[in-house]
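> Could you look at this predicted model? Sequence included:
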Amino acid sequence: MFLARFKITIQYDGTKFFGWQFQPAKRTVQDELEKVISTFSDGEKIKVFGAGRTDTGVHALSQVAHFDLNTDLDTCNLIKALNAHLSEDILVESLDVVPADFHARYSAQIRYYRYQCYTGNNVLFRNQSWITGQLDQSILQSVAETVVGEHDFLSFCKFRIDMKSTVCKIYESVWKKQDKMLIYYVSGNRFLHHMVRYLTGTMVEISRGKFTIESFLNLLNNPEKNVQIFKAPPQGLILYKVDYA
């Protein structure tokens, strides 16, 4: 047996989870992973560190995490063993041995999210999208373009007193249409708590004529905390990729 650091990439349907991060007496992705991985550690409690702390109801197609484990199992057999013990709404996609200084959160360079808005009326999409009705893609796109670059997103987050910085660098911010699904793709070096949901919700309100792009730009250029703006519901948000150097 040897102690190794593992980089794990997982998918999960966040519908029945209270988010990624451990919470006492609540079902979370981190807690479920730690319990299953710990069964392969001769009783030692294994701590799992994620690249992003998704909220209640938010999904992931490629969430990345890391943990240290003393095991004889190779990665292929460990993937099979973990998937055999995990619930059906979590799937281990890949597993790699990485250097001891790799950290899923702090080594990440770019995080990629998408938010799905379904413009039709179909109950099958209710857990993986926000059923919005018709939206104006051109208006959504004109607003989305304004957030590219480095900005202070204090106006578009859930403020916490322990926040060290609210500045983020956005690399991509674009709306794309796939049949009746309008999808907001956004990538950046970091994201604040509820930031993508506040951005999406405010853009949708502008498309609906309930908020102005001028007001949006004012919040972006003159950031302030605890602004009363609309936050999109969690089920449409998906963490779909994390890049490392």
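Ah, there it is. These numbers come from a predicted model, not from an experiment. Residues are numbered from 1 along each chain as shown.
> Tell me where this structure is predicted with low confidence.
Within the chain, the segments meeting pLDDT under 70 span 1.
> Residues touching the longest helix seen in it, excluding its own?
Using DSSP state H, we find that the single longest helix of the chain is helix 195-207. The contact list for helix 195-207, computed with Cβ atoms under 8 Å, 6 or more residues apart in numbering, reads 55, 113, 115, 117, 130, 132, 135-136, 139-140, 143-144, 147, 153, 156-157, 168, 184, 186, 211-213, 216, 219, 229-234, 236-237. From N, CA and C alone the C-beta is placed, and that goes for glycine too.
> the strands in this protein, which residues?
Along the chain, counting by DSSP state E, strands occupy 2-12, 49-50, 59-71, 90-98, 108-118, 130-131, 149-152, 167-178, 181-188, 237-244.
> Show me the domain layout of this protein.
Here the domain assignment for the chain is 2-98, 109-244, based on automatic domain parsing.
> Can I get those in a markdown table including mean neighbour count?
As requested, the domains of the chain are exported to a markdown table (neighbours: other Cβ atoms under 10 Å):
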| stretch | mean neighbour count |
| --- | --- |
| domain 2-98 | 17 |
| domain 109-244 | 17 |
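> rewinding a little: using CSV, lay out the strands of the chain together with distance to Asn83.
Output for the strands of the chain, formatted as CSV (distance: least, Cβ to Cβ, whole Å):
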stretch, distance to Asn83
strand 2-12, 10
strand 49-50, 18
strand 59-71, 15
strand 90-98, 5
strand 108-118, 24
strand 130-131, 30
strand 149-152, 40
strand 167-178, 29
strand 181-188, 28
strand 237-244, 20
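> Correct me if wrong: Leu239 contacts Tyr112.
Yes: Leu239 sits in contact with Tyr112 when judged by Cβ atoms under 8 Å, with a separation of 7.4 Å.
> Report the backbone C-alpha coordinates of stretch 68-88 in CSV.
The C-alpha atoms that make up stretch 68-88 are tabulated as CSV, following Å, rounded to 0.1, in the frame of the first residue of the first chain:
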residue,chain,number,x,y,z
ASP,A,68,-5.2,11.5,-0.2
LEU,A,69,-5.6,7.7,0.2
ASN,A,70,-3.4,4.8,1.2
THR,A,71,-4.4,2.0,-1.2
ASP,A,72,-3.2,-0.9,-3.3
LEU,A,73,-6.0,-0.5,-5.9
ASP,A,74,-5.1,0.9,-9.3
THR,A,75,-7.2,3.8,-10.6
CYS,A,76,-9.4,1.7,-12.9
ASN,A,77,-10.4,-0.7,-10.1
LEU,A,78,-10.9,2.2,-7.6
ILE,A,79,-13.3,3.9,-10.0
LYS,A,80,-15.3,0.7,-10.3
ALA,A,81,-15.4,0.3,-6.6
LEU,A,82,-16.4,3.8,-5.9
ASN,A,83,-19.2,3.8,-8.5
ALA,A,84,-20.5,0.5,-7.0
HIS,A,85,-20.9,2.1,-3.6
LEU,A,86,-22.0,5.6,-4.6
SER,A,87,-25.7,6.5,-5.1
GLU,A,88,-27.1,6.7,-8.6
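> Fine by me, we can end here.
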